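Participant: turn this into a model:
(chains A and B)
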2 protein chains.
Amino acid sequence: QITNNTLISYICCRLKEWVAIKSDSGDHTKWGEVETMLNMAAERIKKMGGKVELADAGTHQLPSGETVLLPPVILAEFAKDPKKATLCIYGHVDVQPAKMEDGWATDPFNLTEIKGNLYGRGATDNKGPVLAWLHAVESYQATKKEIPVNIKLIIEGLEEVGSYGLFKLIKKRRDSFFADVDFIVISDNVWATTTPALTYGTRGSSYFFVEIEGPKLDLHSGVYGGSIQEPMADLIALLGSLLDHTGKIQVVGVSDDVTPLTEDERKLYDNISFDLEEMKNVVGVKHFLQDTKEEVLMARWRYPSLSIHGVEGAFSDPGSKTIIPRKVTGKFSIRQVPNMDPPDVERKVKEHLEQVFSTLNSPNRLKVTATVGAKPWVANLQDSQYVAGQKAVKDVFGVEPEFIREGSTIPIAQTFQEETGKSVMMLPISGHDDGEHSQNEKISRYNYIEGTKLFAAYFYELSLLH
Amino acid sequence: QITNNTLISYICCRLKEWVAIKSDSGDHTKWGEVETMLNMAAERIKKMGGKVELADAGTHQLPSGETVLLPPVILAEFAKDPKKATLCIYGHVDVQPAKMEDGWATDPFNLTEIKGNLYGRGATDNKGPVLAWLHAVESYQATKKEIPVNIKLIIEGLEEVGSYGLFKLIKKRRDSFFADVDFIVISDNVWATTTPALTYGTRGSSYFFVEIEGPKLDLHSGVYGGSIQEPMADLIALLGSLLDHTGKIQVVGVSDDVTPLTEDERKLYDNISFDLEEMKNVVGVKHFLQDTKEEVLMARWRYPSLSIHGVEGAFSDPGSKTIIPRKVTGKFSIRQVPNMDPPDVERKVKEHLEQVFSTLNSPNRLKVTATVGAKPWVANLQDSQYVAGQKAVKDVFGVEPEFIREGSTIPIAQTFQEETGKSVMMLPISGHDDGEHSQNEKISRYNYIEGTKLFAAYFYELSLLH
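Facilitator: Prediction:
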């Protein structure tokens, strides 16, 4: 007979095996390890009775111009019952780079338990959650219970570098693999606090490059200073016109399309156990731009923001240099929210910058370019997935989940929603202090095990609503 | 009998010997070559009957903390006649770095004549002019004529790195070596046009560092954007408050002390053969901040200017990065003119920045620091040196000299004037297109030979006025 403790050791041991594979996708010459990891995951799914396809993800052109073959994407499914709803689970098994020298307290590729936390690269992002999904399926199989929903899996190995090839593959398989999918669920983010959460939105982003080109060559500020309209002065004037000191974007019309706040939505913020004072300490600021917890969270999650990241081409080294740089490029990005439209925002920003530039009577040349990272995403909380998710959290944790959004841009949810037309939910099990992408990444035993239970309960609650 | 051509070949050959010494002072481990060059110059002066002291210049602390012994400074003098005026000539025999790979058409350390130009590192800055002074003295000796003024020389080997030790030495020898000096002359700059020039002013400069420090750590603009008063936004607001788009400094009171333009001074600008259209082409701008030749030259020479050089700590690489930098340092400098007082300017700039910062209601910390490069310098054109210089130019070139200033900061003139209390003039013989500090530095045969004659004539004209 297997005791509970034996079982837990067993599933922690599995995570240790997965973490040991250095599936860092950042260096394409090491994608062999990513493929090893994908094969290991595929074998696991096959052992559980799943049908696995290692789908060709095509090729990718590197910045060097070289074209490389992409690692495959796992498309898997378990036996299908047409009467049941079909849930497709997304996950990834590649990781961020990690080296002891970066300041890890333990070997990042040797999962190490310290005081209830399992430390290792990929423990929480995203190997732990992927295994938790598989273990949730196995929990039904081991107890000889029928899995209440049909399960499909899409698991990739290049999430950390931008999911090359994935979005094309999703589009290509819309009418085959995704045709019978009802729900898509993603567990690749973290709770906002210590309370379990359902994530229903992400911000999109556009990145802007404001180039001002002036003289033929860099000039000496002693020789020419005072006679030249300096590109840097033009750029500072342009960048300075974007924001006021309260953080409000000054580009006319850019925030016009922001979905108005409803009373129902406002109420969601009341329940979030976010501690403003603690966050001030963590970040190290005397105050945020907003005064209350609710306002701060809304500013991060549901309102647009503009950040100025830096200047390329100007003097940026330590020390002093009396240069008038001939060409400078200011860089800023706008985080967009529903229902802002990135092309519309881009047009308004360009018009704004051109208008301000025209007032400078400058002999220099302005060029504004933009790249759209991803569109913003927001889900409908009346959707079955959110209702089922809320119930599952109550079943396992005995509390109401927090309904949260991500301020950062996670293209995957919006892409799934747009390309497949299916309902999408993000159901995190990772802790807010898990340090994904950082040194000493971890998942707690608690989150890993209770997260597995949450997923199992979620299958059940979702089946009741279908 | 020596023909004129033989003589010219001879003095060009001397310059070739000097240029061949790689007396680049930029790397202190190669100061041996600088000493070799100083010794070569000392030997030359001795052969001419001069008395030479290789004066100890003391030590210097490198940025690494290491203390190094400085190369000596040549203090030399020829036989003294108490009835004559004493002229002290300053020059330097170190050079900027130079490598074929930087884009030189010929070996920079092998003086090469092409179409009347002598190409080589140091040809114009400053080995050529130093030799021209020596040859002017020799021309009197060779023709058995008495030198009409007493000649002293101060020749250093660290000008290109900031004349370490020199200013202390000048101070120390004020009442000995400099006690009987009446005039100090420097030929270490260039004409403004193709017409010979006398230089009567240089701008000073102060370099400012505006540091804004915010959060404890760099933040992700997706996660925190909109809730944080970003240091970069504060900095842009501060930098944007410094200048208007006409180049006018917006710091209250900073330009108050600028010496008013007199009618006599204004007239000096009429005679300068500066071609505004040509300069637009050289620099590659459609227009300057001013419309006329006179205004452009005044903006560069006799009015203050402010240039923003760059930002340290922000994102400055190519590509895109969605960072909110925790600490950024903006860098700008102000070129100062008589009678601005650098400490007063520094105080006003700090007050201005603090005042603007206070309107931002920022939780971040502002720190402004400044370093004073040098004070501005202007000479009195009624001084005998300028009268003699003007006559000497007419004697040799048959034209009126242009009375010009340098927009850049050359501490040497102001330092000599301040430390010794003597009259100082800058008497350039280098062409405006000689490319000092650049690839393919040259001096034309014409400037080198006619410059030698100018110096000889100058000794004569100066003696008449004393």
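Participant: hey, let's count contacts and neighbours off CA atoms from now on
Facilitator: Fine.
Participant: what ranges do the strands span in the stretch 301-450 of chain A?
Facilitator: For the stretch 301-450 of chain A, the strands defined by DSSP state E, counting those that start in this stretch cover A:305-312, A:323-324, A:327-336, A:365-374, A:377-378, A:402-406, A:423-426, A:442-444.
Participant: now swap in the stretch 1-150 of chain A and tell me
Facilitator: Applying DSSP E, counting those that start in this stretch to the stretch 1-150 of chain A gives strands spanning A:51-55, A:59-61, A:67-69, A:73-77, A:86-92, A:112-114, A:117-119, A:150-156.
Participant: and the contacts of the first one?
Facilitator: By that I understand strand A:51-55. The contact list for strand A:51-55, computed with C-alpha atoms under 8 Å, 6 or more residues apart in numbering or on different chains, reads A:42, A:45-46, A:72-78.
Participant: how about the fourth one?
Facilitator: Residues external to strand A:73-77 that are found in contact with it (C-alpha under 8 Å, 6+ apart): A:38, A:42, A:45, A:50-57, A:150-157, A:166, A:177.
Participant: ditto for stretch A:226-236
Facilitator: Here stretch A:226-236 makes contact (C-alpha under 8 Å, 6+ apart) with A:210-214, A:314, A:324-330, A:357, A:360, A:362-364, B:236, B:239-240, B:243, B:245-247, B:288-290, B:296-297, B:299-300, B:303-310.
Participant: related to what we said a few turns ago, turn the buried ones among the contacts of strand A:51-55 into a named PyMOL selection, would you?
Facilitator: Buried members of the contacts of strand A:51-55, defined by 16 or more other C-alpha atoms under 10 Å in any protein chain shown, are picked up in PyMOL with:
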select buried, chain A and resi 42+45+72+73+74+75+76+77+78
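Participant: wait, which of the strands of the stretch 301-450 of chain A is closest to chain B?
Facilitator: strand A:305-312 (4.4 Å; C-alpha to the nearest C-alpha).
Participant: does anything pack onto the closest one? Which helices or strands?
Facilitator: Packing contacts for strand A:305-312, counted by 3 or more C-alpha pairs under 8 Å, 6 or more residues apart in numbering or on different chains; DSSP states H and E, involve strand A:327-336, helix B:231-240, strand B:305-312, strand B:323-324.
Participant: turn the strands of the stretch 1-150 of chain A into CSV, columns for distance to A:Ala105 and mean pLDDT.
Facilitator: Formatted as CSV, the strands of the stretch 1-150 of chain A follow (distance: least, C-alpha to C-alpha, whole Å; pLDDT from 0 to 100):
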stretch, distance to A:Ala105, mean pLDDT
strand A:51-55, 36, 98
strand A:59-61, 36, 94
strand A:67-69, 35, 95
strand A:73-77, 33, 98
strand A:86-92, 25, 98
strand A:112-114, 10, 95
strand A:117-119, 9, 96
strand A:150-156, 29, 98
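Participant: ok, the residue of the stretch 301-450 of chain A at minimum distance from chain B - contacts?
Facilitator: Using C-alpha to the nearest C-alpha, A:Ser408 is the residue of the stretch 301-450 of chain A that sits closest to chain B, at 3.6 Å. A:Ser408 makes contact with A:202-204, A:335, B:220-223 under the criterion C-alpha under 8 Å, 6+ apart.
Participant: burial measure for A:Asp264, as a count.
Facilitator: Per other C-alpha atoms under 10 Å in any protein chain shown, the neighbour tally for A:Asp264 reads 8.
Participant: tell me the SS of it?
Facilitator: Three-state assignment for A:Asp264 (DSSP: H, G, I helix; E, B strand; the rest coil): helix.
Participant: any idea how far it is from B:Lys453?
Facilitator: Note on A:Asp264: its distance to B:Lys453, by C-alpha to C-alpha, to the nearest Å, is 91 Å.
Participant: my guess is A:Lys453 contacts A:Val396, does it?
Facilitator: Yes. Counting by C-alpha atoms under 8 Å, A:Lys453 does reach A:Val396; the two are 6.7 Å apart.
Participant: in TSV, list the contacts of strand A:51-55 along with distance to A:Arg347.
Facilitator: Converted to TSV, those look like this (distance: C-alpha to C-alpha, whole Å):
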residue	distance to A:Arg347
A:Ala42	45
A:Ile45	47
A:Lys46	50
A:Pro72	38
A:Val73	36
A:Ile74	39
A:Leu75	39
A:Ala76	42
A:Glu77	44
A:Phe78	47
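Participant: just flag the most distant two among the contacts of strand A:51-55.
Facilitator: Pairwise distances across the contacts of strand A:51-55 peak at 19.3 Å for A:Pro72 and A:Phe78 (criterion: C-alpha to C-alpha).
Participant: and A:Leu242, how many neighbours?
Facilitator: A:Leu242 has 22 neighbouring residues, counting by other C-alpha under 10 Å.
Participant: can you tell me the closest non-neighbouring residue to it?
Facilitator: Taking C-alpha to C-alpha, 6 or more residues apart in numbering or on different chains, and ignoring the residues beside it in sequence, A:Leu242 has A:Gln250 as its nearest neighbour in space, at 5.1 Å.
Participant: ok, now A:Lys391?
Facilitator: The shortest distance from A:Lys391 to any non-neighbouring residue, by C-alpha to C-alpha, 6+ apart, is to A:Glu461 (6.8 Å).
Participant: gap between the residue of the stretch 151-300 of chain A found nearest chain B and A:Gly214?
Facilitator: Nearest residue of the stretch 151-300 of chain A to chain B: A:Gly222, at 3.6 Å (C-alpha to the nearest C-alpha). A:Gly222 sits 17 Å away from A:Gly214 when distances are taken as C-alpha to C-alpha.
Participant: now do A:Ser320
Facilitator: From A:Ser320 to A:Gly214 the distance is 22 Å (C-alpha to C-alpha).
Participant: more crowded one of these two?
Facilitator: Using other C-alpha under 10 Å as the criterion, A:Ser320 and A:Gly214 rank with A:Gly214 on top: 27 against 17.
Participant: next, the closest residue to the more buried one other than its chain neighbours: phi, psi?
Facilitator: With C-alpha to C-alpha, 6+ apart as the criterion, A:Gly214 has its nearest non-adjacent residue at 4.5 Å, and that residue is A:Asn364. With angles defined as degrees, to the nearest 10, A:Asn364 sits at phi -80, psi 170.
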